[in-house]
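Asks: Next comes the sequence, and after it the predicted model I'd like to discuss.
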Amino acid sequence: MSTDEKTPPREYRMTELAEAAGITVRTLRYYRERKLIPPPRRAGRIAWYDGRHLARLRTIAALLERGHTLGGIAELIAAFEGGRDVAELLGLGDPFAAPWSRETLVRLSPEELVDHFSGEATAENLAASLDIGYLAVDGEELVHVSRRLLDVSRKLVREGVPLPVMLAAGREIRAHADALAATFASLFRQHVLTDVPPGAAEGEPPSPEDVDRMARTLDRLRPVAHTVVEAEVALAMDRRIRAELRAWLGD
DNA sequence: ATTCTTACA
DNA sequence: TGTAAGGA
């Protein structure tokens, strides 16, 4: 049941945007100076802001509420935008566009998100989801990085798992997944990519050919990693279920 | 007169 | 972060 209010690409003057975001004009200007929000469109004397700016301001407010400093938020934003540029530069593009991947991005209006997680769609949970990287802000919409993760989140919440608890678990799993990815990367780096130069860390800039080969080779990690992790998790869950049952039966 | 920036506290 | 002063 989403109310179809008129949401044409509205634009805001400084004062309007500040009021909509619940901050002062001075603060708005301060955020802009600190590169926390993109520059507005300039029409002569007037600075025009749009929904993306408002969304960004809401994100900043949520992160501030959660205890982040302005400096930390600026780094997050820079890393997010910078990382995207680096990926495109390397020709990797959207990682979920790969043919082997079953991941799809899901665009959601804030209203749809509330529909999915009614009572639990709070500013804190939104900030946490942004922080983990499950959600990203794109203009006036939100983008979930994985249809499968989104579906399973809804299922778990319906099963009674509180969203904050689930997000904390997600954070934990993310850490393990990062460690797994690092293991695979190191494996390839040391034993498969032996003929590739050390890298930009301390040396000559790598040739475009090397960059290309590096990207392709690392890309071959993906199916390998998927298979190994899937099989190992299956085995681990098997062992765990047996152990839980044994403990429950009081063995 | 309005809208925004600069500069100082 | 508020605000007075000044440019366009």
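Replies: On my side now, so go ahead. Keep in mind it's a predicted model, so treat the numbers as computed, not measured.
Asks: C-alpha only now, for contacts and for neighbours.
Replies: OK.
Asks: Export stretch A:212-228 to PDB, keeping only CA atoms.
Replies: Extracted C-alpha coordinates of stretch A:212-228, given in PDB (Å, rounded to 0.1, in the frame of the first residue of the first chain):
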ATOM      1  CA  ASP A 212      44.000  -6.200 -17.100                       C
ATOM      2  CA  ARG A 213      45.700  -9.600 -16.400                       C
ATOM      3  CA  MET A 214      45.500  -8.900 -12.700                       C
ATOM      4  CA  ALA A 215      41.800  -8.100 -12.800                       C
ATOM      5  CA  ARG A 216      41.000 -11.200 -15.000                       C
ATOM      6  CA  THR A 217      43.000 -13.600 -12.800                       C
ATOM      7  CA  LEU A 218      41.500 -12.300  -9.600                       C
ATOM      8  CA  ASP A 219      38.100 -12.600 -11.200                       C
ATOM      9  CA  ARG A 220      38.700 -16.300 -11.600                       C
ATOM     10  CA  LEU A 221      38.700 -16.500  -7.800                       C
ATOM     11  CA  ARG A 222      35.000 -16.000  -7.700                       C
ATOM     12  CA  PRO A 223      33.600 -19.400  -8.800                       C
ATOM     13  CA  VAL A 224      36.300 -21.100  -6.900                       C
ATOM     14  CA  ALA A 225      35.600 -19.300  -3.700                       C
ATOM     15  CA  HIS A 226      31.800 -19.800  -4.100                       C
ATOM     16  CA  THR A 227      32.200 -23.500  -4.500                       C
ATOM     17  CA  VAL A 228      34.600 -23.900  -1.600                       C
END
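Asks: and A:Ala121, backbone torsions?
Replies: Per-residue torsions, A:Ala121: phi -80, psi 70 (degrees, to the nearest 10).
Asks: Please report how far it lies from A:Val192.
Replies: 45 Å (Cα to Cα, to the nearest Å).
Asks: more neighbours, these two?
Replies: Counted by other Cα atoms under 10 Å, A:Ala121 and A:Val192 do not tie: A:Ala121 has more neighbours, with 16 against 13.
Asks: So which bits of the stretch 1-150 of chain A are right by DNA strand B?
Replies: A:Arg13, A:Met14, A:Thr15, A:Arg29, A:Arg45, A:Ile46, A:Ala47, A:Trp48 (Cα under 7 Å from any atom of the strand).
Asks: Which members of the residues you listed occur in strands, if any?
Replies: Within those, residues falling in strands by DSSP state E are A:Ile46, A:Ala47, A:Trp48.
Asks: export the residues you listed to a markdown table and tack on neighbour count?
Replies: A markdown table is the format used below for these (neighbours: other Cα atoms under 10 Å):
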| residue | neighbour count |
| --- | --- |
| A:Ile46 | 11 |
| A:Ala47 | 14 |
| A:Trp48 | 18 |
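Asks: Just name the closest of those residues to DNA strand C, please.
Replies: Taking Cα to the nearest atom of the strand as the measure, A:Ile46 is the one of those closest to DNA strand C, at 9.0 Å.
Asks: A:Arg13 is in contact with that closest one, correct?
Replies: Yes: contact criterion Cα atoms under 8 Å: A:Ile46 and A:Arg13 qualify, at 7.3 Å.
Asks: Point me to the residue of the stretch 51-200 of chain A nearest DNA strand C.
Replies: For the stretch 51-200 of chain A, Cα to the nearest atom of the strand, closest residue to DNA strand C: A:Leu70, 9.7 Å.
Asks: All set, thanks.
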